[in-house]
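**Student:** how would this look folded up:
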Amino acid sequence: LETRESIGEKNQSALIMSRKGRVAFALVLFLFSVIAQDPWDDAITKAKKLVSGLSLDEKITLAAGIGWATGACVGNTGAISRVNFPGYCLEDSPTGVRFTDHASAFPAGLNAAMTWDRDLIYRRAVAMGEEYRGKGVNVALGPMMNMGRVPAGGRNWEGFGGDPYLTGESAAATIKGIQSQGVMACAKHYIGNEQEHYRDQESSNIDDRTIHELYAYPFLKSVQAGVASLMCSYNQVNNTYACQNDRTLNQILKSEFGFRGFVMSDWWATKTNTESVLGGMDMIMPGDANFTSDLKNALQSGQLTMDRVNDMAVRILTPWYLLGQDSKFPAVNFNAFHPEQSKMVNVAGDHYKIIREVGAASNVLLKNKENLLPFKKDTSFGRQYTFGLIGSDAGLTNDGPNTCPDHGCDYGTLAQGWGSGTTNFPYLISPMAAIQERAIENAQTVTWTLSDWDVATAVAMAKTVDVAIVFSNADSGEDYITFDGNQGDRNNLTLWNNGDVMIKAIADVNPNTVVVIHSVGPVLAPWADHPNIKAIVFAGLPGQESGNALVDVLFGDVNPSGRLVFTIAKERSDYPAEVVYSSPNPSPQIDYKEGLFIDYKWFDAKKIEPTFEFGFGLSYTTFKYSNLQFVRTGEYNGNLNTSIFNVSATVTNTGNVAGHEVAQLYLGFPDQLEPVRQLRGFERVHLNVGESKTVKFPLDSLELSIWDVGTQEWILSQGNFQVFVGASSRDIRLQGTFVPRP
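**Tutor:** The predicted model follows:
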């Protein structure tokens with residue numbers, strides 16, 4: 001090990017590996033690999049053997065989609081029958097199997113992350129993997145890891161929020177869950193696809209450090225989790241298209257991160273065939289009629305080598321062996337484009353249980369004044385509750401939950417966004433249906449008005465009920481659908497369908513107003529401090545069990561433990577970046593000037609007070625934190641996975657009901673260029689009344705390192721790390737310091 005004093009433009013002490021140290025470390029890895037064979041190595045060996053016997057046309061067949069709507073799935077590759085390779089079925093989406101029936105509609109990635117529970121995220125993904133496998137899908141097109149740089153970004157709801165650590169942990173759990181069922185996961189969209197407007201033309205201009213520490217970080221965690229495939233995005237990165245970007249694909253992903261699977265293009269994301277292959281793309285989707293001829297011509301001219309063609313083929317076949325798809329993998333039994341040709345194969349099983357559990361665990365209680373929630377059978381009103389439900393989001397549309405293609409509308413309760421990240425609902429439990437069912441059990445009364453615009457009628461009703469529950473939402477999705485003037489990205493951060501006006505009007509006349517929000521991301525809440533608004537629940541996009549999951553929390557069957565995965569600002573201008581909606585430049589230059597400082601990191605750095613901060617969420621009980629401890633577990637040796645420290649704390653349930661607490665660890669790095677606090681650990685723990693448990697936050701080298709542009713190395717920051725343990729990014733209960741180097 002040797003010490004260097006320079007980190008970019010700042011001087012600070014850091015450790016990096018010497019060349020001698022790297023050689024020694026490589027020897028250790030080699031000896032370990034002899035003892036414990038990596039399953040990837042075995043799969044690569046099998047893939048190389050098969051590829052060695054293929055013709056050039058067959059090798060290219062592996063890499064070439066056969067075209068849109070010419071196969072059963074949204075993406076298909078050709079079969080090579082003489083070697084018993086059936087071709088791949090690639091199918092959306094991150095919320096379930098798209099374009100089919102007898103399958104589930106899962107909570108969005110947003111909701112999975114709002115549980116802050118790796119086990120729940122994993123079990124959700126296992127269930128999804130079971131359904132993909134049951135339908136014969138080889139490659140599930142998810143998880144999605146856009147970072148929510150702009151809060152109005154259309155596809156933010158498919159991802160896991162605005163922090164790279166949380167996104168990386170959520171992605172890793174999702175990948176492991178899907179692939180536990182022998183189905184390939186696909187990490188997407190790599191990289192910088194942070195808005196829908198101009199997504200096919202714009203250049204996301206991102207500095208090298210920000211790429212590594214923020215936007216590529218979740219993909220590194222995905223590679224470490226063993227992800228089989230990755231999807232390059234539509235946009236340009238630093239003025240080179242992402243699917244032919246040598247820097248991001250060959251240098252960072254494949255060389256630095258050590259990715260051994262294959263890179264597919266997003267659908268029609270390639271601009272040139274040969275340059276894309278040279279730039280690191282391995283599979284073109286959904287296909288191009290000139291792909292084979294272009295590659296053959298490039299081989300003949302010497303622009304493309306046979307080594308690269310073989311590399312593509314090996315990368316594509318390796319996961320086939322790795323996940324056991326070469327033996328007894330189900331055949332595709334549905335047709336995404338001709339449902340009448342689909343076989344009736346029900347893959348849903350009892351997955352409604354995990355869908356409901358994730359939905360309930362992801363409900364974020366933002367306000368609970370005077371402990372109005374949870375509702376009880378008996379009440380202090382001197383009689384059974386009378387509930388008034390207000391707003392179209394409480395109920396269902398007259399035409400059913402799948403009335404609009406890819407959910408490209410906002411009628412009735414919102415349980416998914418729109419676009420290719422959706423799946424058909426087998427059914428949809430509305431809040432109104434679930435609340436009525438519970439009211440029957442409790443001998444309570446429910447009335448409603450679902451009009452968003454007839455404020456007078458709603459106000460009149462609100463005056464007559466004990467509790468008025470106002471439902472409102474905000475929707476978004478992919479750019480090929482425009483709804484109510486919103487082309488994928490949201491035009492604003494306000495509630496849709498007159499929501500803000502309705503909420504204030506009801507709160508003005510009912511002293512027990514509850515607000516429930518179903519939304520694709522943060523919405524402004526100018527009414528949050530209204531004294532008559534006693535409770536606010538952010539429910540996200542819960543999937544098919546939406547109403548049941550909400551009732552579980554409203555009536556106390558489940559103690560809420562969901563936490564925000566983004567910041568809710570007081571003003572739209574408080575956020576560091578905005579969607580570029582129009583530009584005179586046909587290829588808009590979107591400069592990521594904020595660097596590492598998105599979401600809560602920006603609010604912390606600029607000392608901006610939010611309405612609700614990242615990581616925030618209330619419970620029906622209270623928790624005490626104590627006994628902050630640090631234990632050294634190893635020394636830095638250049639391996640990013642080396643355990644360095646364990647941070648631990650004791651959490652005690654000091655309230656009157658059992659519940660989960662989400663303990664969060666934030667670090668303040670010695671480097672002054674870093675954000676004030678960065679999430680580096682979390683643990684959701686269940687505690688009975690009076691019970692205490694120790695939560696542990698293991699820290700490895702990567703989580704204590706920064707990317708040094710000069711040396712092109714991850715380097716371990718030296719000096720005092722500030723430690724913040726608490727219930728949100730701003731609710732810090734314990735503080736301390738430690739130094740990674742003894």
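**Student:** which stretches of the stretch 251-400 of the chain have low pLDDT?
**Tutor:** 379-383 (pLDDT under 70).
**Student:** please enumerate the strands of it.
**Tutor:** According to DSSP state E, counting those that start in this stretch, the stretch 251-400 of the chain carries its strands in the segments 262-265, 364-368, 386-390.
**Student:** looking at those strands, which is closest to residue 649?
**Tutor:** With C-beta to C-beta as the criterion, residue 649 lies closest to strand 364-368 of the strands of the stretch 251-400 of the chain, at 22.4 Å. To be clear about C-beta, it is placed using only N, CA and C from the backbone, and glycine gets the same treatment.
**Student:** and the strands of the stretch 251-400 of the chain, which is most packed in?
**Tutor:** strand 262-265 (a mean of 27; mean count of other C-beta atoms under 10 Å).
**Student:** what's the burial count for the nearest residue to residue 543 once chain neighbours are set aside?
**Tutor:** Distances taken as C-beta to C-beta, 6 or more residues apart in numbering place residue 107 nearest to residue 543, at 4.2 Å, with adjacent residues excluded. When neighbours are defined as other C-beta atoms under 10 Å, residue 107 has 34 of them.
**Student:** please apply the same query to residue 72.
**Tutor:** As a measure of burial, residue 72 has 23 neighbours, counting by other C-beta under 10 Å.
**Student:** any idea how far it is from residue 97?
**Tutor:** 12 Å (C-beta to C-beta, to the nearest Å).
**Student:** ranges for the helices of the stretch 551-700 of the chain?
**Tutor:** According to DSSP state H, counting those that start in this stretch, the stretch 551-700 of the chain carries its helices in the segments 600-605.
**Student:** quick check, pLDDT for the residue nearest to residue 608 when sequence neighbours are not counted.
**Tutor:** Excluding its sequence neighbours, the residue lying closest to residue 608 (C-beta to C-beta, 6+ apart) is residue 574, at 5.1 Å. Note for residue 574: predicted pLDDT of 98.
**Student:** surely residue 574 meets residue 611?
**Tutor:** No: using C-beta atoms under 8 Å, residue 574 makes no contact with residue 611, being 9.4 Å away.
**Student:** how about the residue nearest to residue 608, what does it touch?
**Tutor:** 603, 608, 610 (C-beta atoms under 8 Å, 6 or more residues apart in numbering).
**Student:** can you tell me which of those residues are buried?
**Tutor:** Burial of the contacts of residue 574 was assessed by neighbour count (16 or more other C-beta atoms under 10 Å); the buried members are 603, 608, 610.
**Student:** so what's the residue nearest to residue 543 up against?
**Tutor:** By C-beta under 8 Å, 6+ apart, the contact list for residue 107 reads 95, 124, 355, 358-359, 362, 540-543.
**Student:** now do the strands in the stretch 1-150 of the chain.
**Tutor:** Using DSSP E, counting those that start in this stretch, strands in the stretch 1-150 of the chain cover 2-7, 10-16, 75-76, 89-91, 139-140.
**Student:** for the strands of the stretch 251-400 of the chain, which one sits closest to residue 570?
**Tutor:** Closest of the strands of the stretch 251-400 of the chain to residue 570 is strand 364-368, at 13.9 Å (criterion: C-beta to C-beta).
**Student:** ok, and what's touching that closest one?
**Tutor:** Counting by C-beta under 8 Å, 6+ apart, 114, 373, 528, 533-540, 553, 560, 562-564, 612, 616-620 sit against strand 364-368.
**Student:** mind running it again at 7 Å?
**Tutor:** Applying C-beta atoms under 7 Å, 6 or more residues apart in numbering, the contact partners of strand 364-368 are 114, 528, 533, 535-538, 560, 562-564, 612, 617-618.
**Student:** export these to JSON lines and tack on distance to residue 587 and pLDDT?
**Tutor:** JSON lines is the format used below for the contacts of strand 364-368 (distance: C-beta to C-beta, whole Å; pLDDT from 0 to 100):
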{"residue": "114", "distance to residue 587": "35", "pLDDT": "98"}
{"residue": "528", "distance to residue 587": "40", "pLDDT": "98"}
{"residue": "533", "distance to residue 587": "45", "pLDDT": "98"}
{"residue": "535", "distance to residue 587": "47", "pLDDT": "98"}
{"residue": "536", "distance to residue 587": "42", "pLDDT": "98"}
{"residue": "537", "distance to residue 587": "42", "pLDDT": "98"}
{"residue": "538", "distance to residue 587": "37", "pLDDT": "98"}
{"residue": "560", "distance to residue 587": "45", "pLDDT": "98"}
{"residue": "562", "distance to residue 587": "40", "pLDDT": "98"}
{"residue": "563", "distance to residue 587": "38", "pLDDT": "98"}
{"residue": "564", "distance to residue 587": "35", "pLDDT": "98"}
{"residue": "612", "distance to residue 587": "37", "pLDDT": "98"}
{"residue": "617", "distance to residue 587": "41", "pLDDT": "98"}
{"residue": "618", "distance to residue 587": "45", "pLDDT": "98"}
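**Student:** for those residues, which one is nearest residue 224?
**Tutor:** Nearest member of those to residue 224, counting by C-beta to C-beta, is residue 114, at 23.4 Å.
**Student:** so which of the strands of the stretch 251-400 of the chain gets nearest residue 626?
**Tutor:** That would be strand 364-368 among the strands of the stretch 251-400 of the chain, by C-beta to C-beta, at 24.0 Å.
**Student:** with only the CA atoms kept, save that closest one in CSV.
**Tutor:** Extracted in CSV, the C-alpha atoms of strand 364-368 (Å, rounded to 0.1, in the frame of the first residue of the first chain):
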residue,chain,number,x,y,z
VAL,A,364,-45.7,6.3,4.2
LEU,A,365,-47.5,8.1,7.0
LEU,A,366,-46.5,11.7,6.7
LYS,A,367,-48.8,13.3,9.3
ASN,A,368,-50.9,11.9,12.2
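**Student:** chain center to it: distance?
**Tutor:** A distance of 22 Å separates the centroid of the chain from that of strand 364-368, by C-alpha atoms, centre = their mean, to the nearest Å.
**Student:** and the residue nearest to residue 543, how close does it get to residue 425?
**Tutor:** Noted for residue 107: a distance of 12 Å to residue 425, by C-beta to C-beta.
**Student:** tell me how far the closest residue to residue 655 other than its chain neighbours lies from residue 353.
**Tutor:** Spatially, and ignoring its direct neighbours in sequence, residue 655 is nearest to residue 621 (3.0 Å; C-beta to C-beta, 6+ apart). Distance of residue 621 to residue 353, given as C-beta to C-beta: 24 Å.
**Student:** in terms of neighbours, single out the busier of these two.
**Tutor:** residue 621 (19 against 12).
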